[in-house]
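[1] Next come a sequence and a model predicted from it.
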Amino acid sequence: MKLGSFHRRKKAFIKDFKIFMMMVLFFRFKKRNFETSEIKNILIMRDNNKLGDMIIFTPLFRECHRLGLEVSVVTGAVCAELIKENKNIKHIFVCKEKFFNMFSLALKLRKKKYDLVIDPLNEVHSYRSIMMMQVINPKHILGFNKAGKYKTYDISLPEDLSLNRHTSERTKSILRLLKPNIDLDEVDMSYDLPIPKDADAIVRQYLERFSGRTTVLLNPFGALKTRKFSTAKINAIVDIIKQKIENPVIIISGLESEIKHIEIDGVEKTPFTRYIHATSLVKQVDYIVSVDTSIVHAATSFNKPIVAFYPMSKTQINSQPSTWGPNSEYAIQILSDTRNVEDIPDDKIKCAIENMLSMRN
């Protein structure tokens, strides 16, 4: 066995052991049969604090609210700011990653006596998440593909991951459980991302200096090395945009530590460091060119024309480009033939940008 494989197996074993201990230490007694009429208040666990994941599941908040349910959400501080204007959510609870902070919050939420806790993702994030759900002790806990191994979940909705349907479709599976006779064709699956007025005003004031010009937001850096463009590739993309748009305003976004070294003639660097302002910028620019990040899902929320770049997946099961793609008729998704977006040919990028521009022309 290779050393890398051994360490991966050891890490997985330790994670599973911690999860098992949380299930033992905070044992939940067997719950009653699921009755839709008994479900009045629900808690949605989004404690991994991933912005893209949060955006994708915003239709779930709205549609559960429409069913007359009281919706609460557990998430991290950045995601909490992103959804604070969402009128479909009754309560937002900010969850810090430290064990005792999560335990304390779980004790607080236990007093709410939730009818249902929903964990919409496929993986189990950590033993802390299991601990929280066990301590909250709702009537029911719903997850996907959790049958057998994870006794915490008394409702496990099966899903064949090889079908590679978009992750947002899990909203429909949850709604069908909550209301068996629901017409899923009538369900509104559009993302719901209201931006605070003050954030919109700040970004609008910034963009006023470019009045009359076409604005393009370029987001060249993802979280992983496989989702980052080199300086040379960024220059090539900028040249393509300049060839296709007369006197464009190209604004590069990303972490300050990553974009501060970029010096390209005629290219702006975003002055915003908070994600809520970055989201408003997505809302107000004309076009977006981005690697696989939460910016892609924000663009979907506002029906913005976008070219989105994705690396090849490691596996065809739960394939990221299929399950976590832009999910928009205004999006052009470009997949690399390798595990690195850097390897996408310039001519393919040029063609995609031309097609994006034609959406408005």
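    That came in fine, so what should we check first? Numbers count the residues shown, from 1 in each chain.
[2] Looks like residue 269 contacts residue 250 (just checking).
    No. In this structure, residue 269 is not within contact of residue 250 by C-beta atoms under 8 Å, at 10.0 Å. Glycine gets a C-beta too; all of them are placed from N, C-alpha and C.
[3] And the two? Which one has more around it.
    Higher neighbour count among residue 269 and residue 250: residue 250, with 22 against 15, using other C-beta atoms under 10 Å.
[4] so what's that one up against?
    216, 218, 238, 241, 242, 266, 267, 268 (C-beta atoms under 8 Å, 6 or more residues apart in numbering).
[5] And the second one, which helix or strand is it part of?
    This means residue 218. Assigned by DSSP states H and E, residue 218 belongs to strand 215-219.
[6] State the next helix or strand along the chain beyond that strand.
    From strand 215-219 onward toward the C-terminus, using DSSP H and E, the following helix or strand is helix 231-244.
[7] Report all helices and strands that that following helix contacts.
    Judged by 3 or more C-beta pairs under 8 Å, 6 or more residues apart in numbering; DSSP states H and E, the packing partners of helix 231-244 are strand 215-219, strand 249-252, helix 346-358.
[8] what would those look like in JSON lines with mean pLDDT?
    As requested, the helices and strands packed on helix 231-244 are arranged in JSON lines below (pLDDT from 0 to 100):
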{"stretch": "strand 215-219", "mean pLDDT": "97"}
{"stretch": "strand 249-252", "mean pLDDT": "97"}
{"stretch": "helix 346-358", "mean pLDDT": "95"}
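[9] for these, which one sits closest to residue 137?
    Each of the helices and strands packed on helix 231-244 was scored for nearness to residue 137 using C-beta to C-beta, and the closest is strand 215-219 (41.3 Å).
[10] Now do that closest one: everything it contacts.
    Where contact means C-beta under 8 Å, 6+ apart, the residues beyond strand 215-219 that reach it are 207, 234, 237-238, 241, 245, 248-254, 267, 281-282, 284-291, 293, 295.
[11] ok and that strand relative to helix 346-358, angle-wise?
    Between strand 215-219 and helix 346-358, the angle comes out at 140 degrees (axes from the mean of the first three to the mean of the last three C-alpha atoms, to 10 degrees).
[12] Strand 215-219: partners in the sheet, and parallel or antiparallel?
    As defined by DSSP bridges, the strand partners of strand 215-219 come to strand 249-252 (parallel), strand 287-291 (parallel).
[13] Please work out which of these is packed deepest.
    Burial of these is given as mean neighbour count (mean count of other C-beta atoms under 10 Å); strand 287-291 ranks first at a mean of 27.
[14] Helix 231-244 and that strand, what's the angle between them?
    Angle, strand 287-291 to helix 231-244, by the same axes, to 10 degrees: 160 degrees.
[15] Output the helix or strand following strand 287-291 in PDB with nothing but the alpha carbons.
    Along the chain past strand 287-291, the next helix or strand (assigned with DSSP H and E) turns out to be helix 294-301. Taking Å, rounded to 0.1, in the frame of the first residue of the first chain, the C-alpha atoms of helix 294-301 are listed here in PDB:
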ATOM      1  CA  SER A 294     -19.300  30.800  -5.500                       C
ATOM      2  CA  ILE A 295     -19.200  33.700  -8.000                       C
ATOM      3  CA  VAL A 296     -20.700  31.300 -10.600                       C
ATOM      4  CA  HIS A 297     -23.700  30.600  -8.400                       C
ATOM      5  CA  ALA A 298     -24.200  34.300  -7.600                       C
ATOM      6  CA  ALA A 299     -24.200  35.000 -11.300                       C
ATOM      7  CA  THR A 300     -27.000  32.400 -11.700                       C
ATOM      8  CA  SER A 301     -29.000  34.200  -9.000                       C
END
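[16] Please identify the buried residues of stretch 259-273?
    Taking 16 or more other C-beta atoms under 10 Å as the neighbour-count basis, stretch 259-273 is seen to contain the buried residues 259, 262, 267, 268, 270, 272.
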